[in-house]
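**Student:** Whatever this is, show me its structure:
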Amino acid sequence: MGADLMGARLSLRSTAAVLGVTSLLWFALNVDFLMRGDATTYANYALLGKFDDITLHNGYYFVVYALQHWLAGPLGVPVHETMAWLNVLCGAAATVLVLLFTEALVGDRRLGVLAALLFVLSGRVLMNATSSEIYMLQTVCVLASMLAYVKNRFVLAGVAAGCSLLVSPLSAFAFLFFPVWEATRGEKIRWKAFALFVAAGTVVYLPYLVTCWRELFWGRRGLLVVREAAKLDLPLLAVNIFKYQFKHYTLLWVLLLPALLQVARYRRVAWLTLAVALPHAYIVAKLTTEDHTFLLNVDPFIVLWMAVGLGVLFDRKSWRWLAPLPLAAHLLLYVKSGMLFSGEYNKGYATEMRGIAEQYIKGKPAVLISDWDVGIAMAHFGSDSITSIPEEDPVYRQMYDFTDDEKIRPSLDGVTIYLLDPWSPSPINRLLRSDAALQQLRETMSIKVQAEQKLGLVCTELARGTHVLYRCERRAAVTPA
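**Tutor:** This is a model prediction of the structure:
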């Protein structure tokens with residue numbers, strides 16, 4: 001018996017090691033060094049050691065600060081690359097955790113491996129495990145907490161849960177898992193164990209809560225501020241739910257159909273899935289236009305059920321031939337659209353943005369029209385050194401944020417007007433939409449098209465890199481709206 005158990009452990013460790021290395025290579029081959037506005041802001045905080053603004057993500061700042069100042073920086077690696085590589089590592093760690101978590105829930109090694117492979121294939125996971133956002137680290141912490149709790153390691157579970165909250169307070173929307181796990185055990189609820197879990201999490205998170213509670217609820221990204229600011233838009237919500245979920249899993253969703261045959265068998269997993277998924281409906285409804293990145297904590301359950309569906313197909317001889325089809329179709333869509341192994345990983349993005357700032361903006365009577373993401377990135381990469389947050393950099397004051405009518409914008413009078421249009425159709429859109437549909441989308445989304453109409457500009461292309469740079473002339477006297 002002891003030898004069998006040791007063999008099973010070694011087998012699990014070997015499987016986890018293979019999946020970890022494979023997923024690490026997968027994400028590394030698709031790493032993307034483009035940095036959006038939020039990530040750029042967080043990078044500045046980490047470089048400056050600034051932990052008193054948008055403190056909701058201080059846990060992420062601490063990790064990036066340590067990596068950049070103690071390891072990457074001395075090796076000459078810039079912070080935007082450090083952040084991307086951090087998420088590559090977190091993506092691989094999360095893949096291993098999905099294997100371990102799935103096996104712990106259902107006691108089936110095969111389903112654990114299938115769930116981990118499906119997790120790696122998810123577009124949402126791929127996007128976050130190859131870029132510089134915060135959510136992959138958050139997912140690692142949440143998954144580690146759930147796995148530790150299932151393994152009856154309650155203090156470790158609480159510590160990991162507290163760390164996940166330090167990375168993002170939205171982690172709390174997955175925490176109904178823990179009471180539901182206790183309620184569905186079929187035995188007496190372990191109140192002492194649950195209290196130990198809560199106490200350990202509180203020890204980790206309480207110092208932050210005591211010192212930064214105002215920022216947490218009413219700061220620039222405060223939870224209550226977002227609640228009031230983000231209004232429910234049901235038509236847009238319906239469209240984006242379909243759009244984003246199809247984008248992230250495409251035809252893999254059909255695997256949930258055979259999984260329905262196993263709901264009764266995995267009833268407890270069904271309750272746990274609902275406990276994690278349903279609270280996130282509030283975030284989806286509030287952050288309608290965001291790419292549902294915050295559903296990463298739900299993805300381990302989504303891929304678990306997809307793995308169950310695959311298992312059903314594999315176990316029925318007459319259906320077995322159907323099993324590879326959704327996987328092949330999903331991969332074909334991603335490869336053909338250029339989402340995988342396209343080589344467009346924006347390695348030169350920092351150099352490109354710095355070049356634009358140096359040649360056209362800094363120290364010149366010029367204004368650059370774009371959006372907030374580009375404005376923050378231009379201030380970051382265009383600076384000789386990071387001495388302040390991007391919004392306080394002189395370059396940022398020359399940015400005209402076309403997407404936000406409430407901001408104070410620089411005047412377009414008596415200056416050279418440039419426009420940097422970050423919009424381009426997504427790979428999936430390019431593949432699946434007609435030319436006419438893409439043109440209609442461009443009319444709605446392109447900053448260049450909208451600025452020409454709204455500001456009375458005529459823009460001529462200057463350079464085409466990650467984004468397209470234009471020089472613009474005023475066609476007529478038009479008052480900016």
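
**Student:** Now the element after whichever strand or helix holds Tyr45, going C-ward?
**Tutor:** Element membership for Tyr45 (DSSP states H and E) is helix 37-48. Using DSSP H and E, the helix or strand that follows helix 37-48 towards the C-terminus is helix 58-67.

**Student:** picking up where we left off before, for the helix holding Tyr45, name the packing helices and strands.
**Tutor:** Packed against helix 37-48, as judged by 3 or more CB pairs under 8 Å, 6 or more residues apart in numbering; DSSP states H and E, are the following elements: helix 58-67, helix 79-106, helix 372-381. To be clear about C-beta, it is placed using only N, CA and C from the backbone, and glycine gets the same treatment.

**Student:** how far off helix 58-67 does that helix point, in degrees?
**Tutor:** For helix 37-48 against helix 58-67, the angle by axes from the mean of the first three to the mean of the last three CA atoms, to 10 degrees is 50 degrees.

**Student:** in helix 37-48, what counts as buried?
**Tutor:** The neighbour-count check on helix 37-48 (16 or more other CB atoms under 10 Å) flags Gly37, Asp38, Ala39, Thr40, Thr41, Tyr42, Ala43, Asn44, Tyr45, Ala46, Leu47 as buried.

**Student:** Which of those residues sits closest to Val415?
**Tutor:** Nearest to Val415 among these: Gly37, at 23.1 Å, using CB to CB.

**Student:** got a list of what the closest one touches?
**Tutor:** Trp372, Asp373, Val374, Gly375, Ile376, Ala377 (CB atoms under 8 Å, 6 or more residues apart in numbering).

**Student:** which residue packs closest to Leu166, ignoring adjacent ones?
**Tutor:** Gly59 (2.9 Å; CB to CB, 6 or more residues apart in numbering).

**Student:** what would the buried residues of helix 37-48 look like in TSV with distance to Met146 and pLDDT?
**Tutor:** Output for the buried residues of helix 37-48, formatted as TSV (distance: CB to CB, whole Å; pLDDT from 0 to 100):
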residue	distance to Met146	pLDDT
Gly37	31	84
Asp38	26	88
Ala39	26	92
Thr40	31	93
Thr41	29	92
Tyr42	25	93
Ala43	29	93
Asn44	32	93
Tyr45	28	93
Ala46	27	93
Leu47	33	93
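
**Student:** where does the closest residue in space to Val468 that isn't next to it in sequence fall, phi/psi-wise?
**Tutor:** Nearest residue to Val468 in three dimensions, chain neighbours excluded: Asp421, at 5.0 Å (CB to CB, 6+ apart). Phi and psi for Asp421, reported as degrees, to the nearest 10, are phi -100, psi 110.

**Student:** So for Leu333, what's the pLDDT?
**Tutor:** Looking at Leu333, its pLDDT reads 89.

**Student:** Let me know whether it touches Thr250 as I believe.
**Tutor:** Yes. Between Leu333 and Thr250 there is a contact under CB atoms under 8 Å: 5.2 Å.

**Student:** who touches both of the two?
**Tutor:** Ile428.

**Student:** Excluding chain neighbours, what is closest to Pro365?
**Tutor:** Distances taken as CB to CB, 6+ apart place Val415 nearest to Pro365, at 4.8 Å, with adjacent residues excluded.

**Student:** Neighbours of that neighbour, how many?
**Tutor:** Using other CB atoms under 10 Å, Val415 has 15 other residues around it.

**Student:** Contact partners for it?
**Tutor:** By CB under 8 Å, 6+ apart, the contact set of Val415 is Pro365, Ala366, Val367.

**Student:** which among the residues you listed end up buried?
**Tutor:** Val367.

**Student:** Go through the contacts of Val415 and flag which are in strands.
**Tutor:** Mapping these onto strands (DSSP state E) picks out Ala366, Val367.

**Student:** just the strands in the stretch 251-400 of the chain please.
**Tutor:** 366-370, 399-401 (DSSP state E, counting those that start in this stretch).

**Student:** Show me the one of these that comes nearest Glu443.
**Tutor:** Per CB to CB, nearest to Glu443 of these: strand 366-370, 17.3 Å.

**Student:** what's the weakest-modelled helix or strand in the protein?
**Tutor:** Across the helices and strands of the chain, mean pLDDT, DSSP states H and E gives its lowest value to helix 223-229, namely a mean of 60.

**Student:** on that earlier part again, now the buried residues of helix 37-48 as TSV including distance to Leu165?
**Tutor:** Below are the buried residues of helix 37-48 laid out as TSV (distance: CB to CB, whole Å):
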residue	distance to Leu165
Gly37	23
Asp38	18
Ala39	20
Thr40	23
Thr41	20
Tyr42	17
Ala43	22
Asn44	23
Tyr45	18
Ala46	19
Leu47	24
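
**Student:** What is the neighbour count of the residue lying closest to Ala39 once chain neighbours are set aside?
**Tutor:** Among residues not flanking Ala39 along the chain, Ser132 sits closest, at 4.2 Å (CB to CB, 6+ apart). By other CB under 10 Å, 27 other residues sit near Ser132.

**Student:** My read is that Ser132 contacts Pro78, right?
**Tutor:** No. If you go by CB under 8 Å, Ser132 and Pro78 don't touch, sitting 10.9 Å apart.

**Student:** show me where pLDDT drops low in the stretch 351-481 of the chain?
**Tutor:** 476-481 (pLDDT under 70).

**Student:** Then the stretch 151-300 of the chain?
**Tutor:** 221-222, 224-240, 242, 287-291.

**Student:** Tell me where it has helices.
**Tutor:** Assignment of helices within the stretch 151-300 of the chain using DSSP state H, counting those that start in this stretch yields the ranges 154-167, 177-183, 191-218, 223-229, 234-249, 256-259, 267-277, 280-286, 299-315.

**Student:** And the third one, what does it pack against?
**Tutor:** This points to helix 191-218. Secondary elements touching helix 191-218 (3+ CB pairs under 8 Å, 6+ apart): helix 154-167, helix 177-183, helix 223-229.

**Student:** can you pull the buried residues of it?
**Tutor:** For helix 191-218, a neighbour-count test (16+ other CB under 10 Å) marks Phe194, Phe197, Val198, Ala200, Gly201, Val204, Tyr205, Tyr208, Cys212, Glu215, Leu216 as buried.

**Student:** possible to save the residues you listed as JSON lines with distance to Ala270?
**Tutor:** Listed next are the buried residues of helix 191-218 as JSON lines, based on distance: CB to CB, whole Å:
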{"residue": "Phe194", "distance to Ala270": "22"}
{"residue": "Phe197", "distance to Ala270": "23"}
{"residue": "Val198", "distance to Ala270": "25"}
{"residue": "Ala200", "distance to Ala270": "28"}
{"residue": "Gly201", "distance to Ala270": "26"}
{"residue": "Val204", "distance to Ala270": "30"}
{"residue": "Tyr205", "distance to Ala270": "30"}
{"residue": "Tyr208", "distance to Ala270": "34"}
{"residue": "Cys212", "distance to Ala270": "37"}
{"residue": "Glu215", "distance to Ala270": "38"}
{"residue": "Leu216", "distance to Ala270": "33"}
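
**Student:** Let me know the closest of those residues to Phe301.
**Tutor:** Among those, Phe197 lies closest to Phe301 (CB to CB), at 19.9 Å.

**Student:** The closest one contacts Val159, correct?
**Tutor:** No. Checked against CB under 8 Å, the pair Phe197 and Val159 is beyond contact range at 9.4 Å.

**Student:** so Ala199 sits right up against Val159, yeah?
**Tutor:** No. Assessed by CB under 8 Å, Ala199 is found out of contact with Val159, at 10.4 Å.

**Student:** Right, I'll leave it there.
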